[in-house]
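In: Fold the stuff below for me.
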Amino acid sequence: MLVVRLVEGFVHFLTEHGAISGFLGHLAEHFSWSRFLSVQIWLMVLFLIYVTIHELNILFGDGELYRLFFRWRSSEAKLTRRQRIRLLTRLNRLTEANSIEAFSEQGAPAQAALIGIVRQLVAPPVARGDTHGR
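Out: Numbers count the residues shown, from 1 in each chain. As a prediction, this is how the structure comes out:
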């Protein structure tokens, strides 16, 4: 874009003055610093937005931001988060209340509860049906 504007300015200068000499002085004299700075600031803002979104995508996991913003409805995302928090709280209470030996015993209630919680955490989120008749 900059090269096109330079060539355009050069062509206009050449048609007005008929000579190449003095073009650099003319360019420095008529250079628009406010336009240049506004374009540079806008490019920096866009770059910062891109880097921020890229870093959030890495933080949440590849594709999670897309799924959160474009595939899930907000209420489903909140429900899923709430369910995961409850499961993690149950898991915390279960590990505080039982020793490691209780989890390693085959068929023990603590082991069955642990396996049930982990299965629920690993299971993909289930989309609820629309209950509003839309």
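In: contacts, neighbours, all on C-alpha from now
Out: Fine.
In: Next, the buried residues of stretch 4-17.
Out: Buried residues in stretch 4-17, counted by 16 or more other Cα atoms under 10 Å: 9-10, 13.
In: do stretch 96-113 as well
Out: 103, 110-111.
In: can I get those residues in TSV with distance to His17?
Out: Output for the buried residues of stretch 96-113, formatted as TSV (distance: Cα to Cα, whole Å):
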residue	distance to His17
Phe103	90
Ala110	91
Gln111	89
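In: quick one: the longest helix along the chain to chain centroid distance?
Out: Across the chain, the helix with the greatest residue count (assigned by DSSP state H) is helix 33-60. Distance of helix 33-60 from the chain centroid (Cα atoms, centre = their mean, to the nearest Å) equals 13 Å.
In: Mind giving me the packing neighbours of that helix?
Out: helix 64-66 (3 or more Cα pairs under 8 Å, 6 or more residues apart in numbering; DSSP states H and E).
In: what's next to the helix it packs on, contact-wise?
Out: The set of residues external to helix 64-66 that reach it, using Cα atoms under 8 Å, 6 or more residues apart in numbering, is 56-57.
In: So what's the predicted local confidence for Ser74?
Out: Listed pLDDT for Ser74 reads 61.
In: Ok, Ala28 next?
Out: We have a pLDDT of 79 for Ala28.
In: residues touching it, list them.
Out: Per Cα under 8 Å, 6+ apart, neighbours of Ala28: none.
In: Quickly note the distance from it to Gly107.
Out: Distance from Ala28 to Gly107, counting by Cα to Cα, to the nearest Å: 83 Å.
In: so Thr95 is in which element?
Out: Using DSSP states H and E, Thr95 sits in helix 74-97.
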